[in-house]
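Asker: Compute the structure for the input listed below.
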Amino acid sequence: MEWIETLVLEGSKRVEEIEVYYTEGISVSADLKRHRVSLCTSSRDYGLCIRTVNKGRIGSSSTNNPDEWQSCLDAAIASGNLATPQTWEGLPDPAELPDTDLSFDPSLQIEPDITRDLLSSLLDGAAKYPDAVITSGSAGLATGKVILANSYGIRYSNRHTGISVSLEAISGQSTGYEFDHASYRDRIDPQLVGERAAFFASSSAGGKDIATGDYDVILSPIAYADLLSNVFAPALSGRNVHQGRSRLGEKIGETVTAPGISMYDDPHISRANGSAWWDAEGTPTLRIDFVRDGILERFAYDLKTAYRFGKTTTGSAIRGGLTGTPSIGHHNFIVDGKREEIADDRAVYVHSVIGAHTANPMSGEFSVELGNPFWIEAGEFDSPIRSAMLAGNVFDLHLKIAGLGKESRAIGSYILPSVKINKQHIIGK
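Answerer: Okay, the predicted model is just below:
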């Protein structure tokens, strides 16, 4: 775009380095209230974030109106003038990268009629359990484009798409909720989402109490993602490590999970939600093996953190929202290892947890309410369990992993299996 070239040229006259991150997209969404569409909206969104670097002083500013880029540039430079200088070794140079879009479905149309069809499929699936009453649901479609430019000649762009559905149902005093999100239409099954939401609402009714004690527990990918994302994954951030906010900070080369468990970020998986050839700062992405066969190997870095602490960026910069500044994150965080049937022996199955955000990210201590817990045996749901809580330590929990389920599921930017952990403390009656 000509105005971006003009922006970079103008900024380069005033500061040593400039970075322009521009996004635009369109989306359509529809909401259910019981069996009727209560709201349908469409939007076109824009975001512009400018970073400037001058004598080690980093400034930034953002706007939702790209026509105001001159004012945004002035604000970025002004904020940089007030910033404390830091060690800085430069924005990245251009690299030879593939020009394919890893998370873009060219066949996905952003049309209201498609959201209506998705909602209908949700209801069709839920109809398998007629005693479950639909309370709410949603379907959304989105497509967008990202452009990154800097004063060293980077001119990258990529396109992405997204499709999401969710449904909530109730039966008596029991509720059920299910969702799914993918970048490609054929990666999502709205009928199955509706069926599972209604199943959990219907089948959770009449649950029996469980005595307080230690039990073998199976966490669904949803439940596991909540605990992983609030405690373990942040502990792999180089920023948290060097600021003394990570329990894993001094454990490189040590055992941090059960044997055979690996954790890695693979940003080059075709059709996955978070795939990208370059990160939010223009650094080429690569696979990062955080944990290999239970042993901690490395941490994640963006440019700012790497320069500050004498490390090398791992291409792990991401941005939150349309106008967010870079921070350390991941693209497709995968937990892997030997896969097996983990539900043959009797265990407590946990579909979701409530309150994982209250876990202590330093110590790993947590106490969460169980959502839709069941006794499971021989691969089948046996009987529902009345309200109960799970308490423990996220870091210790990973050392006790007894098995990974055969199937993985995408939960946002995580790709996770169900996880079995033996002898976990459940607080019941």
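Asker: so who does the closest residue to residue 405 other than its chain neighbours touch?
Answerer: In this structure, residue 405 finds its nearest non-sequential neighbour in residue 418, 3.6 Å apart by CB to CB, 6 or more residues apart in numbering. To be clear about C-beta, it is placed using only N, CA and C from the backbone, and glycine gets the same treatment. Going by CB atoms under 8 Å, 6 or more residues apart in numbering, residue 418 touches 218-221, 224, 342-343, 404-405, 407.
Asker: Ramachandran angles for residue 418?
Answerer: Dihedral angles of residue 418 (phi, psi; degrees, to the nearest 10) stand at phi -70, psi 150.
Asker: Can you give me the distance of it to residue 233?
Answerer: To residue 233, residue 418 is 18 Å away according to CB to CB, to the nearest Å.
Asker: and what of residue 327?
Answerer: Residue 327 is 13 Å from residue 233, by CB to CB.
Asker: Check the secondary structure at residue 74 for me.
Answerer: Of the three states, residue 74 takes helix under DSSP: H, G, I helix; E, B strand; the rest coil.
Asker: Number the chain from 34, please
Answerer: With 34 as the first residue, the last one maps to residue 107.
Asker: Now do the same contact list for it.
Answerer: Residues near residue 107 by CB under 8 Å, 6+ apart: none.
Asker: returning to what we had before: which one's more surrounded, residue 360 and residue 266?
Answerer: Between residue 360 and residue 266, counted using other CB atoms under 10 Å, residue 266 has the larger neighbour count: 21 against 16.
Asker: isn't that one right next to residue 363, touching?
Answerer: Yes: between residue 266 and residue 363 there is a contact at 7.1 Å, judged by CB atoms under 8 Å.
Asker: Kindly report the domain assignment for this protein.
Answerer: According to automatic domain parsing, the chain is divided into the following domains: 35-234, 239-462.
Asker: Would you verify that residue 429 is located in a helix?
Answerer: Yes: judged by three-state DSSP, residue 429 forms part of a helix.
Asker: so what's it closest to, chain neighbours aside?
Answerer: Distances taken as CB to CB, 6+ apart place residue 397 nearest to residue 429, at 6.9 Å, with adjacent residues excluded.
Asker: and the one you found, how far is that from residue 432?
Answerer: Distance of residue 397 to residue 432, given as CB to CB: 11 Å.
Asker: Neighbour count: those two, which is higher?
Answerer: Per other CB under 10 Å, whichever of residue 397 and residue 432 has more neighbours is residue 397, with 21 against 15.
Asker: ok, that one - contacts?
Answerer: Contact analysis of residue 397 by CB under 8 Å, 6+ apart lists 264-265, 280, 426-430.
Asker: Could I get the buried residue list for stretch 64-84?
Answerer: Neighbour-count burial for stretch 64-84, with 16 or more other CB atoms under 10 Å as criterion, is recorded at 64-65, 80-84.
Asker: One more: stretch 202-217?
Answerer: Result for stretch 202-217 [16+ other CB under 10 Å]: buried residues 202-204, 207-217.
Asker: cool, and stretch 311-322?
Answerer: Neighbour counts over stretch 311-322 (16+ other CB under 10 Å) mark 311-318, 321 as buried.
Asker: out of those, what pair is the most spread apart?
Answerer: 315 and 321 (17.2 Å; CB to CB).
Asker: about what we covered before: same list, the domains of the chain, but as TSV with mean pLDDT please.
Answerer: Output for the domains of the chain, formatted as TSV (pLDDT from 0 to 100):
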stretch	mean pLDDT
domain 35-234	97
domain 239-462	96
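Asker: Residue 63 is in contact with residue 148, isn't it?
Answerer: Yes: applying CB under 8 Å as the test, residue 63 and residue 148 come out as touching, 4.1 Å apart.
Asker: that's a strand at residue 436, yeah?
Answerer: Yes: the assignment for residue 436 is a strand, going by three-state DSSP.
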